[in-house]
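Enquirer: Quick one, fold the following:
(chains A, B and C)
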Amino acid sequence: MDLARLVELNAAYARAIDNEKYEEWPDFFLDSCLYKVTTAENLVKGLEAGLIYADSRAMLRDRISALRQANIYERQRYRHIVGLPTVLGARDGASEVETPFLIVRIMRDGRMDVFATGCYRDKVQANGDGLLRFAERIVVCDGSRFDTLVAIPF
Amino acid sequence: MDLARLVELNAAYARAIDNEKYEEWPDFFLDSCLYKVTTAENLVKGLEAGLIYADSRAMLRDRISALRQANIYERQRYRHIVGLPTVLGARDGASEVETPFLIVRIMRDGRMDVFATGCYRDKVQANGDGLLRFAERIVVCDGSRFDTLVAIPF
Amino acid sequence: MDLARLVELNAAYARAIDNEKYEEWPDFFLDSCLYKVTTAENLVKGLEAGLIYADSRAMLRDRISALRQANIYERQRYRHIVGLPTVLGARDGASEVETPFLIVRIMRDGRMDVFATGCYRDKVQANGDGLLRFAERIVVCDGSRFDTLVAIPF
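Expert: As a prediction, the model looks like this:
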């Protein structure tokens, strides 16, 4: 899979979130997809559940609606710095890719801290229009300050 | 516009600043250009002014001269981590590009902190020699610890 | 030298370390190589020694064996965010490349901090199999919290 196209996909994904255009976020996934946020520690322990789980684009849309209604995300901004992707292989028409990330949280008073670091473990596939989309995005956090109530998309 | 060339431009820009070769910094701009540092909050409020403003390469050079004379920049180092660029479109021969960044400040005693995060909103254009240069670089900070007196180039 | 291949090399290097597959780390170097960790301050002062020094892949392997025996690395995780590479030129069949990096350290209790920032100064060369490898990697830290006892590969 073309590295430049993976870079474009990841850049657009992060940009939608950081610009708070959360409604665009589900469009980066296939209709039937897997989105999960978990931690490296949970994976080591064999805990499958994860902190956030969705298996369709409809569930991702519901999540954003809930977030907009709760309105709590407005207290801070986020900035994703997405690292360089590694293509691990291809299976069933999807490429397996691993990409590190760092998210900085910016409080309304200007304070900044490292909010989360980790690695996206993705299955990326072209949709019917030939656009790259996530069939699977497992967000494996090394550590994080997040609490699941306030969870913006990772 | 070719993604690889945009990556090269951004990498060289950050490298010049982090290696403290500030005199090279104006050369990344066209003679007639717009360089502005502002905040996401100011943009939302419709405040156009920005914290730093220059509309020619000559003004950028003046800024560096003043910085060298003040000599205060020597107390710390900076490290830019520039993220993946998103090409938004093209207008009047220039490509519109958005690129996230993170700047770490390193004090002389070794302490490090997140100095600024944000997004470059650029218009990139080839100059007479075919080299990519900034016709416009609007630096939109999410947050920042900077005070305008000590402002190195962003 | 192809930018995409440099990106792949750097991504794979960082991934091996962050996934704690330290035994893979020496394989990113040529048999005869130079690996050194130093600081920007030491370079300015003309101090050549560096904090960590190895001039063969065998020495890199020894370093990992010692690290595994000491077992102290297990108390924390690391996440490399590698920036955009700048190709400076070519000499003796090797490309000279400079690439910025940021390393976040994640303690077992979830606390995160900026562990190190700096710049890789590399000579990259194809090995007998046509794979890109480091003939030289000088890790120039801007600042760092590291103590040499606990030194994971940078």
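Enquirer: wait, what's in contact with the residue lying closest to residue A:55 once chain neighbours are set aside?
Expert: Leaving aside its chain neighbours, residue A:55 sits nearest to residue A:34 (5.5 Å; criterion: CB to CB, 6 or more residues apart in numbering or on different chains). Backbone N, C-alpha and C define where each C-beta goes, glycine included. By CB atoms under 8 Å, 6 or more residues apart in numbering or on different chains, the contact set of residue A:34 is A:54-55, A:135-138.
Enquirer: Mind giving me the ChimeraX command for buried ones among those?
Expert: To isolate the buried members of the contacts of residue A:34 in ChimeraX, using 16 or more other CB atoms under 10 Å in any protein chain shown:
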select /A:54,135,136,137,138
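Enquirer: Make a markdown table from the contacts of residue A:34 and add distance to residue C:119 and secondary structure to it.
Expert: Listed next are these as a markdown table, based on distance: CB to CB, whole Å; DSSP: H, G, I helix; E, B strand; the rest coil:
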| residue | distance to residue C:119 | secondary structure |
| --- | --- | --- |
| A:54 | 39 | strand |
| A:55 | 42 | strand |
| A:135 | 36 | strand |
| A:136 | 34 | strand |
| A:137 | 31 | strand |
| A:138 | 31 | strand |
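Enquirer: Run a quick check on residue A:94 versus residue A:124, I expect a contact.
Expert: Yes: at 6.3 Å, residue A:94 and residue A:124 qualify as touching, with contact defined as CB atoms under 8 Å.
Enquirer: Now for those two: what residues contact both?
Expert: residue A:135.
Enquirer: The two: which is more packed in?
Expert: Comparing residue A:94 with residue A:124 by other CB atoms under 10 Å in any protein chain shown, the one with more neighbours is residue A:124, at 26 against 19.
Enquirer: Kindly list the main-chain dihedrals of the more buried one?
Expert: phi -110, psi 140 (degrees, to the nearest 10).
Enquirer: ok, it - contacts?
Expert: A:1, A:6, A:9, A:94-95, A:97, A:132-135.
Enquirer: Can you redo those as a markdown table, where the extra columns are distance to residue A:75?
Expert: Output for the contacts of residue A:124, formatted as a markdown table (distance: CB to CB, whole Å):
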| residue | distance to residue A:75 |
| --- | --- |
| A:1 | 38 |
| A:6 | 32 |
| A:9 | 29 |
| A:94 | 37 |
| A:95 | 37 |
| A:97 | 33 |
| A:132 | 33 |
| A:133 | 31 |
| A:134 | 28 |
| A:135 | 33 |
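Enquirer: in chain A, which spans are helices?
Expert: A:3-18, A:40-44, A:57-70 (DSSP state H).
Enquirer: looking at those helices, which is buried most?
Expert: Mean neighbours per residue, mean count of other CB atoms under 10 Å in any protein chain shown, is largest over the helices of chain A for helix A:3-18, with a mean of 21.
Enquirer: So which bits of stretch A:105-118 are buried?
Expert: A:105-106, A:112, A:114-118.
Enquirer: sorry, back to before: let me know the closest of the contacts of residue A:34 to residue C:16.
Expert: residue A:138 (19.3 Å; CB to CB).
Enquirer: wait, doesn't the closest one sit right on residue A:99?
Expert: No: look at residue A:138 against residue A:99 with CB under 8 Å: they stay out of range, at 11.3 Å.
Enquirer: Surely residue A:8 and residue A:131 touch.
Expert: No: look at residue A:8 against residue A:131 with CB under 8 Å: they stay out of range, at 10.0 Å.
Enquirer: Residues in contact with the lowest-mean-pLDDT helix or strand in chain A: which ones?
Expert: In chain A, no helix or strand scores lower on mean pLDDT, DSSP states H and E than helix A:40-44, which sits at a mean of 84. The contact list for helix A:40-44 (CB under 8 Å, 6+ apart) reads A:49-50, A:118, A:140-142, C:77.
Enquirer: between those residues, which is closest to chain B?
Expert: residue A:118 (15.6 Å; CB to the nearest CB).
Enquirer: distance of the closest residue to the closest one other than its chain neighbours from residue A:99?
Expert: Nearest residue to residue A:118, sequence neighbours excluded (CB to CB, 6+ apart): residue A:141, at 4.0 Å. Counting by CB to CB, to the nearest Å, the separation of residue A:141 from residue A:99 is 14 Å.
Enquirer: In contact with residue A:64, which residues?
Expert: Contacts of residue A:64 by CB under 8 Å, 6+ apart are A:22-23, A:25-26, A:153.
Enquirer: Mind doing that once more with 7 Å?
Expert: By CB atoms under 7 Å, 6 or more residues apart in numbering or on different chains, the contact list for residue A:64 reads A:22-23, A:25-26.
Enquirer: tally of neighbours for the closest residue to residue A:138 other than its chain neighbours?
Expert: Of all residues not flanking residue A:138 in the chain, residue A:121 sits nearest, at 4.3 Å (CB to CB, 6+ apart). Using other CB under 10 Å as the criterion, residue A:121 is surrounded by 18 other residues.
Enquirer: Just to check, residue A:121 is in contact with residue A:140?
Expert: Yes: between residue A:121 and residue A:140 there is a contact at 6.1 Å, judged by CB atoms under 7 Å.
Enquirer: Run a quick neighbour tally on the closest residue to residue A:53 other than its chain neighbours.
Expert: Using CB to CB, 6+ apart and skipping residues adjacent in sequence, the residue nearest residue A:53 is residue A:36, 5.3 Å away. Neighbours of residue A:36 under the rule other CB under 10 Å: 19.
Enquirer: Check what pLDDT residue A:36 gets.
Expert: Listed pLDDT for residue A:36 reads 93.
Enquirer: Identify the residues contacting it.
Expert: Residues near residue A:36 by CB under 7 Å, 6+ apart: A:50, A:52-53, A:138-139.
Enquirer: what does residue A:88 give?
Expert: Applying CB under 7 Å, 6+ apart, the residues near residue A:88 are A:96-98.
Enquirer: Now the helices of chain A in a markdown table, please, with extra columns for distance to residue A:87.
Expert: Below are the helices of chain A laid out as a markdown table (distance: least, CB to CB, whole Å):
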| stretch | distance to residue A:87 |
| --- | --- |
| helix A:3-18 | 7 |
| helix A:40-44 | 21 |
| helix A:57-70 | 24 |
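Enquirer: hey, least reliable of these by pLDDT?
Expert: helix A:40-44 (a mean of 84).
Enquirer: Off-centre distance for that helix?
Expert: Relative to the mean C-alpha coordinate of its chain, helix A:40-44 is positioned 17 Å out (CA atoms, centre = their mean, to the nearest Å).
Enquirer: thought residue A:105 was touching residue A:79?
Expert: No: taking contacts as CB under 7 Å, residue A:105 lies outside contact range of residue A:79: 8.1 Å.
Enquirer: Need the per-residue pLDDT for residue A:1.
Expert: 66.
Enquirer: For the residue located most distally from the centre of chain A, give me phi and psi.
Expert: The C-alpha centroid of chain A is most remote from residue A:109, which lies 25.8 Å away (CA atoms, centre = their mean). Dihedral angles of residue A:109 (phi, psi; degrees, to the nearest 10) stand at phi -90, psi 10.
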